[in-house]
Structures are given as structure tokens and as C-alpha cells.
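Q: with the input below, show me the fold.
(2 chains)
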Amino acid sequence: MPSTTKIPLQVAGYNVLPLSLPTLPSFPRPATHYLYFAPHNPKIPTPTASRSLFLVNVPFDTTEPHIKHLLSAQIGLPAGRIEDVQFANQRRKGGNGEEAKPKQDKKGKKRKRGRDETDVEDADGSALPSTWDRNLQYNGLTAVVLFVDRASMDAASKAAKALRKERIEPVWGDGIEDKVPALGSARYLNHHRLTYANKDQLLESVNNYMTSYAAKEASVARLATKQRQEADADGFITVTRGGRTNPAKQEAAQELAEKQKEKQKGLDDFYRYQSREKRKQRAGELVRKFEEDKERVRRMKEKRGRFRVGPHVLKRDDSYLLTQYAQPE
Amino acid sequence: MSPAQKKRKLSPPAAGDIHLGVPQSVPSGEFHEGEGDVADYSIKTRIRKPMRNDEEDRSRVLSAGAYSSNMFQLQVDELLVKVRPAKGRMVKAENALHKLKDIIEHIPNREPKPILQAEREQHNLHTIRIPFPHPRPAKEAKYTLAYSKPANINVVGSYARKTTIQIGDQLGIDLAVTMPSSIFQEKDYLNHRYFYKRAYYLACIATGIEEAEDCTFAVRFAYQNDNHLQPVIILDPGQGSDDFSKSGCQIRIILAADGAMFPLSKTLPHKNCVRVNLEESATAEKSTMPTPFYNASLRSECSSLAYLKYLHGASLQSEGFTDACVLGSVWLRQRGLRTGLAGGGFGSFEWACTMALLLHGGGPKGRPILSKAYNPHQLFKAMLQYLSMKDLVAGPVAISSDNMNIDGHGQPVLFDGARGLNVLFKMSPWSYAMLRHEATRTLKLLNDPLLDQFDASFITNVDNAPQRFDSVIDLPMSRPMELPPRTADAVDADMHFCGRAYQALKTGLGDRVLLIHLRPPGRTAWSSASPTHPSKVKPKIRVGLILDPGQINRSVDRGPSAEDKVAAAGFRQFWGEKAELRRFKDGSIQESLIWSATDARDSILKQIVTHVIRRHLGEEAANDLNLIGDSFNRLLDNNNSSNLIDPSILYQPVINAFEVLEKDIRQLQGLPLQIRQISAADSQLRYASANVPVVKPGQYQVEPANVYVQFEGSNRWPDDIAAVQRTKIAFLLKMGELLAEATTGLTTRLGLENNSQKLLNSAFLDVLYPEGAFFRLRIHHEREFNLLEKTLKEKSHTQTSREETAAALSAYKRNFIQASLHTQAIRTLSTRFPLLSPSIRLMKKWRDAHLLSHHITDGLIELLTVRVFVHPGPWSVPGSVMTGFLRTLKLISKWDWRSEPLIVDFNGEMGSKEIDGIHIRFEAWRKIDPAMNRVVMFAASNLDPDGITWTELGPSKVVAARFTSLAKAACEAIKEHGVGIEPEMLFTTSLFDYDFVVHLNTRFVGDNAGRQRKLKPVFKNFQVQAHEDKSLVGFNAVQSFVEELRMLYDSNVVFFYNEQGGSVVAGLWNPQTGLRPWKTNLQYSTVPVTAPDEENAQVTINKTAALHDIARLGGDMISRIEVKN
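A: Model (predicted):
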């Protein structure tokens, strides 16, 4: 792997911050993680953008304490200057401050955009409890760090650059091991326990959800009724579902239409020319199939020839496995 | 071919004889005979060609009709072109033939001498010994041996008829030297006299070739057709101009005699030509025992030219004859049937003769069975039909002969009256049974629209013992026993031994086997300096058995009733001390045999075989016999201890538990809706899990068995998919409560899954029975399907939400619909095919051993194995774990998933319309996704015409290629080792090809039973421990770890792990993570690399950091990570 000296200071306008990873007994090789940062500059400007820092390629086990610890204890910013850390795959936190976005969502980032907003939101404790004690970030993902003011952000940025100049690589997560839930088997044991949530809590969340769902349904129905009864500005009344008579189902209508079509069809073999044409068509079909078969055989032949000459995809395996099968341990 | 030659060929043959006429008329004329055939052929093709392209195509199209048959014929045409040896290559061999003829014509004559003198002179003056047949000529014999110039020298056999095929091995060219009648006497057909003179003649030719100047050919002896009466010369390539090894052929010099020398009537099958000495056989009756084999051997010597003429005539009369011969040769070769005695005595020559004879007769009132107007394909099929339907043992057939009282004595007879030969004289009862079996199989497969009929008939090599036979026995031949005097016939000791073994096994195994096949050891060529074939140290017979799975494990055999004295005595005589007289429940008293079904070491089959062989072929053979097949059964059990594979016994506890669960749920009072259906959807509930689930009190089943509960319809369900999921939670909670109330000791717990994906099922209910059974219940709500489809049809969707909905829909179909249908189908088939379940289980173990657990789904493995059972192709339905397993491997190795779908018809209800539909779907997938990023393997069945249910989530292209190549390597190993294969070999995990290997801590490794204990804190207090135990049921840290890894690294790393408690997780980097421009949303950890200009700095994957991440995530579960360069 390339040594630090060859690592550029900047990549495409982003500053590079090398972080050395703590060595582990199972993998004692030294390793460096590269974090990229730049002032936040979103496409759609937000009021807080000017005091935010945009991080790219955050380590997979990043948590809010990690970032805070990195910027304050390790880079030297005074504590309390960070207001919030927003990860790309996390939904905006709800008003109740609950961690709403469990990590299992594979394409969380995309999915969030895709969700239609008419869903009953997981408000009022109707969300299902998370089954993980700590969310993981997807590799290479981004985060936005929101500082209390612009000055803090600049200071953090400057301090990070200075560290880089002095060739000091902060050790990732050094010193906060106790503050975040552990990884390894403990994580999965916790996951196993959390999977089986408390029954009462679950029941409550389901009830809450159903209540708000019912409320939403009712409001939609109310709206429809209203639309049905009131004319709009142009004097038209919108036709909506519901009302006194149920509208026909789409499937039923389609079925009827098909039946009608069937009825309108005449006899197929009434006239002589019809049966003649049919016969012709059948012969044509046979010829076509025959041609198809010929083509298939030709392709097969070609392929066989090619396969014989060309190297096999996993040739290496073949020969190796052969020798291995030949001499078992 | 020069124009002049062509012209000559075009002129019509002057007489019917010109093709086989006296060769001396034209210098080296006999070689032109061969070319004459070619010329005829080329004329034919030239006339045929224009028609073939147009008219014939059209006529075929309109006549054939059936869709698959067209394809078959086109492929056959292709094959016919391919298997013919390249003409250009044969030049060297033909030169050698010319030279040989020259040499043989100039060998000096030898005066007639008494046997002893001739032999002494030969041995003193030359190195070559005389290959006398057994028994050696008597010393006091009165007749003399001599050599004089041959009557003529001809190329005969399939090479001369241009029906020879070349696939892989050498093709044989037979040069027939016809001995002059002058050296024989009228009575020479008696008592081997002809064969002694012949052996001397052969030695003279061999001497002549070896001592000829300017000739470097090496000479060896061999037996023609393994028949010890007929030694022949094998010619090895010499140096320089004598080197014809490039032609890839073997030249044999065979001897022939004039057909008119001995009258036909003397060598009829029922005549005696070997007179046993009067002192040995007291009665005159014995000296007239028929000697059919000797007679036929003699007759075949005298008729080789006659047959060449006859077959040539047939090929002129019937246009398709030559091609049908080629097809037959290919078909026979792939089934290991050859002309030689060891190869069953039915090869391409016998095929051609049979076909020619049937073109002339064989039907009622001597009418021909085959029509001369048939095309090659029709001839081939009609031949198979004849072989399969007609039993030539029970009803011998004689063609153009008025001699009707021919009895084969257990051997098939197809007597050619005109040439006085039983064409099938070399066949044995077992090879004839085999031939008929194969013909029947092939006919059957030609009617299966789902098989690649062409591949199965001609391309697949069926003759690989472990794949072909359910059980294989290597039987050592005990010391050559003295032939009893009554077999004065020239059958040699080997064949005699085989016959006895066959009889013993056939009687002993009875209806447990469908077929017994024996293959005696072949006779290889030997040095001409030794008079006879050197006997091998310990020749072995290979016995192949096709078992009847329904009967094979029967532990009680009932013999004849005690009242039937004669039969009972026969029974006792055969079985010896094993026979017992027993009184059965129905009151009958019968001779019987009891076999131990619980013997851990030997299966019942082995017990019977050992007993029978010991009793009838001697202690020595019984001790050294080696039965292959059972060793595969032992692999199924983790402790390698038990032979028990019967699924109905092994899975009884879990199936019973499921029935209890079903009853318990149906009896619940207080559920708001009625239960409509409770369906099993788990490999443990369809006899197909790799390991048999252990259900016993105090130890919970390791993995839950999935069960789906469907309520009857109600319009009170919400109309929103997310709300449906929540409603299900409420239902499950209620059910859990009620279940726990109803049964004491039963525990339920509600678990959450997919908890960020609103469209997917979000909860399940675990039910733990105190008896140890562990089920996972989910609710199947059929409206989900409509809701998802409706959502999918809405136009206001973004691409991603559409994909998400589509994924949810396919997950719904897979989990709620297909899984239970599939489970039902496999359960039914498992009762129909008792060996399906163990075969599937072994396949799964094989998959797991090669770390493909996650990629190759259970469903796919099951479909592949089922296919081998419901569409057995050229084989019969597997009758042992070995055949089920090995044939599935063969299927995988041959499946070209890039261009063909896998189609399985569970219960034979698919028509060509359904099959076409599947093909169309497959083509559509390939069209929209030619790079195979989404669907790689396509496996459809009559339950699942969509074809992607079990392959949508994997394997990827890389893994699929590895799957195939692993199967290929295994098949190669089987081919190479044959029956000597150690099954364990195929299950050795190879870690060579992976980029890195994560070794797990031993605490987290182990078989399934170890899983629960893995993380259990060591409490001394039993109570606490028991409590802890329950909450940890179903917990598997490594599995969760690997799943999380897969999610984190998505497509950048492919992980391989054996889900049956493997000790390693192996990984491969995606090569597409190399250098590329920096951007913010790369899905992997990167390292920046200085580029020449700073603007376009590039990044590449940070492998060390990624490995580090894996180590951090795994934490205490990982012992070390090994990285390959």
C-alpha cells in the first residue's frame, strides 16, 4: 500500500485526513483510513450549510461520539462546538429524538428519497423498535457535521490540515471504546436479544400506528367526500372513489371488455380461404421454427468450437482442484 | 481427388464383385476398394446436396412436425460429419498398409512339418513364439503346419466400409489376410486343428514383418475380440516413413479363411466340433455336446469377407444404412458396448450386421423388419425398438435359414442362415440384458421433450461405472478353476467364472436388483516373444448393479414353503446355513432369510453379496471383494457411523412435531379470523436439510422450521401494505399468547425482521415446544400480492421505489407462495423416490464444503437433484446415493447456464406450450440483461415458470462459474479414478483461489449442535443456564456477522462461508474497484493516489483498511486474517 508521503493533500478540492486504524491481534498489519472533508456546499442551500463540514468516506463504524471525539479530543477543538452529526443513510431525526433509521436498510440513502410522503410517519411511538444497538455506516458514505458557528468549523478544518502537515495520524476511535456499544460477538448477541422485542412495547407501537393510520384514512375519506360535494373554482365537481354507488372494479371492466371482444369474433373456418390461410400460416410457422432450429444448431456448433479453443473462466481452479482431488490429505 | 480418379469412379462397377474382387487385378487394388466407397458416397452427396438444402429441408419441415425432432435431426447431421476421421490424416496409415501388403506377399513359403518340429524350428531360429490357443496341440498330433502365400489381402471392417468413427481413442484398421486353402485339410474344423494351423500362420507373418528389411514396425500379439482362439497381430508405428502415429489409428492384421472351405452344416450352433477324448467322457452322449462358441468362432473366421460384401450391399440398397451404422457406433461406444467379449460382444460390427439382416428379414413370414427407405434417424430408432422389444434369448431368430431348432442356452441368437453365423455369439446373458436396458432407456428419453435428447443419446458418455451403476463390486477372480468336462466348448476360464458369478448374484439378489452387469478384464496386447497372454496377477471382474430402491433394504426374504420339498432343498442348497425355516404371522411356514438392517458396517446388499460369493465362488473372492457405493451413504451422517438414509425414519420426529403444531393452531379459540391453511415451507420439513434436525427434550432444534399461516379472507384488513405488516404483528402476538396458554411448557416469542423495509414482512413468531421442536410462524396474507401489484402499476413512481416494490413482490412470491409449493412437491417426490432425500442432502453438503452455502440456494440444489430423478436421461432413476449425487454433479458440470434454462417437470404435466413459454422467458431475460447482472442461472419448473425464484438472489456470474468448474473438476476426478474414488476427496475445501481468508475463533466453529452453546456464559447454576439456553435458541453470531459483511461490502467483495458451521470466511475482491476518479459516493473505503495532475486525483480501494474493518467488526470472533498476494 502506498506510504503516506505519496498521498496527495487534496483530492478534487477535498482535504485528505489520514486516520490510522488501531492494530488488532487478528490483523496486526498497520492500516490507514482516509477521510475526505470540505465545507458543506449542498445543491439546494440550507441555512445551516455555512457552518457545516462535509465528510466523505467515513469509516463503517462511525458514530456521533466518534466524530465528536475526533474533532475535539484528537484534533483539538474545544468540546461542545459540534451541534449535530448527520449521516447520509440516516433519516432526519424525528421530533421525539428517537433514532429512527435502523441500519439494515441496504440502500437507505436512495430509499429515503423514494418513499412517498403519504405514508403514516413513524411518529407518536408507532415505530418498531430497532434491532441493533449501534448503526453501521455503509462503506464510503458521507456525513455532515454541523458546528455551533462558522468559526468553530474553520478552526476544525484548520486544525485538521495542520495535523496533516505535521504528519500526525490520529488513531481512529482511540479512547472512546467504552462509550459506544462493542462490535464482535457482543453486537450480534445484542441483536439477537433486540430482535425479540418486549411484547407490550410492540403492542403499543402497533396500536399507535393503527390509530394514526385510521386517522389518516378517515381524513382522506373526508377529503374525498368534500371534493365530491363541492365544486372547484371552475365549477367542476371532481369525481372520486366512494360515494353512494361503488364504482366498477377495473378488473371486472377489463374482463367484460374481453368477453365482448370474444363475442364479436366471427367463425374462423367458415370460408374456404380462411382455412387455406390457416394452413399456410401453419406451414410458415413450421418453416420458421425449422430455421430457428438451424440457427440454434449453428450457434451451438460455434460455441462448442469457441469453448474448446478459448480459455475457461476459472481455468486456474480446474487444474488446481484436479490435483487436489488426485491427492487428498 | 484427381479428376482422372473421379472419372474412373464415376464409371459404373463392371460386376457386382468389383468392389471386393481379386486385388491382384489392380496394383494394390484393395485400397482402392476403400476409396471406391468414398467415391460412391461423394456421388451420392453430390446428387443429394442441392436437394438437401431446399427440397429436403422443406419435406422434412412438413413431415417432421414435432418441434424437438427437427433440432435432433439437425444435430445428428452435424454429428455425422464430425465423427468421421479426417481423410488427410489417414495418408500415413494407408502408406503403411501398402507397405505391409508388399511385405506379406514376399514372405517365403514354409514346407509342411509336424507340429513339434515346426515349433522347435520357429523357436530356435526366430524370436517370435507361436500363439497357440488353449489347450495346446497334442504332441502326438498327426497333421502338419505350413505357410504359403496368402490367397489375398484386404482391408475389411468399418474402415473399409467408411463407417468408422473417431472420438478420442484410436480407430482400428483391420487388414485381413486370407490364408490359402492349400494348407488346410477337410477335417480341420475339428478339435482346434484349424486354430493351431492359423496360429502358426500368424507367427510366420509376424516373423516375416519383423525380419523384413527396411521395415521398423513393431509387432505384438493380441486376441481378436478377446477370443483366445483368434490371436491377431497389432502393428505399432515404426520410425521414419513407418511412423503412422499421427493418423491416430491402430493397424491389426487378422486372418481369414476361404468361406467355402468348411461346409456351413458342420458349424451350425448345435453341432459338436470338439471331440472330447473317449477315456475322459465315458458316454458317447457327452462327445456330442454342442460347441456353439467354437463353431461360431470358426465360422466368423471364414466369413469376414462375406460380411464385408454383405454390408456393402446393404449400404447400396438403403441410403441411410451407412449413416445409421455411424449413429449406432457412437451410441454403443458411449455405453461401453464393444465387439470384444469383455465389451459385451455387441459392437459396431454386430450393429451393422443386425441392421443389414433386419433389412432383409426377421419379421413375420420372413418379411423385413426395417424398410430400405428409412432415413438414418429412423433406422436408428427402429433398431433400438427391435433390440428393446424383441427378446432373442426367449425367442431365437433365424434369418434366411430353414434351420429352426436353434437354442441359445441362455444366450441371444440372431442366426444369419446365409453365412451360417449367430451374429450375437459373443454376447453373454448380462451384456444382452444391458443392451436391451440401454435401448429401452434411449427410446424413453427420445420421448421426453424436456431432455436434450441428442446430448443424452450420443454425446454423454454413459459408461462411467460410479455414475452408471448404483453399486459397483470389484470381484477378484479366484484361481483359474479347471473347466468341468461338459464345457468342451472353447469358452475360456474368465468367461466361465463370470457366468458362475452372474448366476450366483442373480439368484441371490433376486428382485432387489433390476440389472446385473459384469465386465471381465479386457485382454491387452502382449509381446510377440511370448506364446500366450501373460496372466495378470489378480484380474478383477467389475460387477455393476442397478438397484430397485424399493426392495433393496428388505430385511426378510421369504423362500419356498416347507411343503414344497424340492424347492426347499434347492433353496437350502443355494443359501447354505443362512436359510432358516420360519413361521410367519400369516401362519405360513416358509424357508426364509433374515438380514440385519441395523448393521452399522455393512448394508444388506453387502451382506448378501458377501454371503453368496463366499458360498459359490470361494472364501478368497469373498474376502477380497470391494463394494463401492455405500461409502457415499456414510458421508451423510456427521459421525460417519450410520448407513441409515431412509428419510421417513430420520425425519419422523420433526414431521410429527409439525403435525402437532398444526393441530394446536387449529384448536386455538379466540382468534378473530378462522385459519384457512397452515403450510410448511422449510427444507427440514421436506426431508431436504443438509443435516437431519435433532428434536429431543432438553435440546432445541438448531434452526427453526418455517411455517406459514393463512387466515381466511376478510375485508377488515387495511388497504395499505405497511399497515398490513403491523396488523400481522398484532395477530402473531395474539396467537403467541393463546398458544402458550394452551400448551404447558411451550414458549413463544415475537421477533422482528426487515425492520427498515416497510413492504416486507416485518415479524415472525417463534414457537418452542418443550419436546425440542422449534418453529417460526409467519402470516401469509394473500392481499399483499394485489397491493404490491397495484403499487407497481402506479405511474407516479421513482425508479428506486419501483425497484423496491418489485423486490418486495418477488420476495412475497418466493417466501409465501413458492416456498410452500416447493416444499409440498419435494415431499411428494421424496416418497416416490426414496433416494431423492439423501441425494439432495449430500449435494447440499458438497455445496457447503465448497463454501457456496449462501450463493447456491437450497431451492436450486433441490431442483437440480430432482431433475436427475424425474428426467434421468440416458440412465435409469438413481438407485443409490452415489448415483444420485454423481449424476447431479454431472448435470451441473454440463449445464451451460449462459445459453440454456434448467427446466424441471415435477409430475410430468408440462406440455410443449409451457416449455416454449419458459424458453421465451429465458430469452427475454438474456435480452434485457445480456451481461447477466441480475439473473445468471435460470431454473424453472412446472410450479414456477418464472424461473428465477431460486436464483434471483444468487449466484452471481463469478460464483456460478465456480460452481460449474467445481462440478467439472469433480466429474474429471470421478472419470480419472473410476470406482477407486474416495468420496471424501470431493468434499475437501479448497482455499487456494480466494484473495483473503478470515479464520474464525474456534469457539465459533463447529457443527450445528455447537451453535447454541457458543456464547453461553458458563453459569454453575443449572436453573439460570436453562433459562439462558432458551433465549439463545436460534442464535448464530457468525451467520449474522457474515450477513452483515455481505451488506456492508455489497458487490465489492464476494464472501464465501460454509453455513454448516464453517471455520473460515473467504473473500474475493471485485476487480472493478481499481483506480478511478474520485467522487463522493463510491461504495467502498478508498485510498487516494497521486496523479500527474492534481485536478484528476484518483482513488483505489483501500484493501488493508477494509480487512482491518472486517477484523474490527468481527472482533473476538476472528482469530486471524490471511491475505493472498
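Q: from here on, just use CA atoms for contacts and neighbour counts.
A: Noted.
Q: show me where the stretch 101-250 of chain A dips below the pLDDT cut-off.
A: A:101-125, A:140, A:240-250 (pLDDT under 70).
Q: give me that answer again for 50
A: Scanning the stretch 101-250 of chain A for pLDDT under 50 picks out the ranges A:101-119.
Q: ditto for the stretch 951-1100 of chain B
A: Within the stretch 951-1100 of chain B, the stretches with pLDDT under 50 are B:1008-1028.
Q: so which residues of it form strands?
A: B:996-1000, B:1053-1057, B:1064-1069, B:1076-1077, B:1086-1089, B:1098-1101 (DSSP state E, counting those that start in this stretch).
Q: which one, of these, ends up nearest to chain A?
A: strand B:1086-1089 (5.9 Å; C-alpha to the nearest C-alpha).
Q: so which bits of the closest one are buried?
A: B:Thr1086, B:Val1087, B:Pro1088, B:Val1089 (16 or more other C-alpha atoms under 10 Å in any protein chain shown).
Q: check those and tell me the two furthest apart.
A: Greatest spatial distance in the buried residues of strand B:1086-1089: B:Thr1086 and B:Val1089, 9.5 Å, computed using C-alpha to C-alpha.
Q: shared neighbours of the two, anything?
A: B:Val1099, B:Thr1100 (C-alpha atoms under 8 Å, 6 or more residues apart in numbering or on different chains).
Q: if we can go back for a sec, for the strands of the stretch 951-1100 of chain B, which one sits closest to B:Gly238?
A: Of the strands of the stretch 951-1100 of chain B, nearest to B:Gly238 by C-alpha to C-alpha is strand B:1064-1069, at 52.7 Å.
Q: that closest one vs strand B:1053-1057, what angle?
A: Per axes from the mean of the first three to the mean of the last three C-alpha atoms, to 10 degrees, the angle that strand B:1064-1069 makes with strand B:1053-1057 is 160 degrees.
Q: each with direction, which strands does strand B:1064-1069 pair with?
A: strand B:996-1000 (antiparallel), strand B:1053-1057 (antiparallel) (DSSP bridges).
Q: B:Ala688 contacts B:Leu842, doesn't it?
A: No: contact criterion C-alpha atoms under 8 Å: B:Ala688 and B:Leu842 do not qualify, at 9.4 Å.
Q: of all the strands of the stretch 951-1100 of chain B, which gets the most neighbours per residue?
A: Among those, strand B:1086-1089 has the highest mean neighbour count (mean count of other C-alpha atoms under 10 Å in any protein chain shown), at a mean of 25.
Q: now find how far off-centre it is within its chain.
A: Mean-position distance between strand B:1086-1089 and its chain equals 53 Å (C-alpha atoms, centre = their mean, to the nearest Å).
Q: in terms of helices and strands, where is B:Arg676?
A: Element membership for B:Arg676 (DSSP states H and E) is strand B:675-680.
Q: what comes up buried for that strand?
A: For strand B:675-680, using 16+ other C-alpha under 10 Å, the buried residues are B:Ile675, B:Ile678, B:Ser679, B:Ala680.
Q: give the next helix or strand downstream of it.
A: strand B:705-711.
Q: helices or strands next to that following strand in the packing?
A: strand B:675-680, strand B:774-780 (3 or more C-alpha pairs under 8 Å, 6 or more residues apart in numbering or on different chains; DSSP states H and E).
Q: now do it: distance to the chain's middle.
A: Worked out by C-alpha atoms, centre = their mean, strand B:705-711 lies 40 Å from the chain centre.
Q: and A:Ile176, its phi and psi?
A: Backbone torsions of A:Ile176, given as degrees, to the nearest 10, read phi -120, psi 20.
Q: quick one: secondary structure of A:Asp232?
A: Under DSSP: H, G, I helix; E, B strand; the rest coil, A:Asp232 falls in the coil class.
Q: what's opposite the closest residue to B:Ser527 other than its chain neighbours in the beta bridge?
A: In space, and not counting its chain neighbours, B:Ser527 is closest to B:Arg220: 4.9 Å by C-alpha to C-alpha, 6 or more residues apart in numbering or on different chains. B:Arg220 has the following beta-bridge partners by DSSP bridges: B:Ile234, B:Ser527.
Q: next one, pLDDT for B:Arg220 please.
A: Listed pLDDT for B:Arg220 reads 82.
Q: and what of B:Leu661?
A: Looking at B:Leu661, the pLDDT reads 92.
Q: with B:Leu851 instead?
A: Looking at B:Leu851, the pLDDT reads 89.
Q: count the residues that sit near it.
A: Other residues near B:Leu851 come to 24 when the count uses other C-alpha atoms under 10 Å in any protein chain shown.
Q: show me the domain layout of the chain.
A: Answering for chain A, as no chain was given. A:4-88+A:137-195, A:272-326 (automatic domain parsing).
Q: my question was about chain B
A: Chain B resolves into domains spanning B:3-65, B:86-256, B:303-463, B:465-555+B:608-628, B:557-594, B:647-829, B:834-981, B:996-1123 when parsed by automatic domain parsing.
Q: how about those domains, which one is nearest A:Phe27?
A: The nearest among the domains of chain B, by C-alpha to C-alpha, is domain B:996-1123 at 5.9 Å.
Q: is chain B contacted by the strand or helix carrying A:Ala257?
A: Following DSSP H and E, one finds A:Ala257 within helix A:250-264. No: interface with chain B: helix A:250-264 contributes nothing (C-alpha under 8 Å from any C-alpha of the partner chain), its closest point being 11.3 Å away.
Q: on that earlier part again, in CSV, list the strands paired with strand B:1064-1069 along with distance to B:Asn447.
A: Below are the strands paired with strand B:1064-1069 laid out as CSV (distance: least, C-alpha to C-alpha, whole Å):
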stretch, distance to B:Asn447
strand B:996-1000, 49
strand B:1053-1057, 41
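Q: for B:Ile920, helix, strand, or coil?
A: On the basis of three-state DSSP, B:Ile920 is classed as helix.
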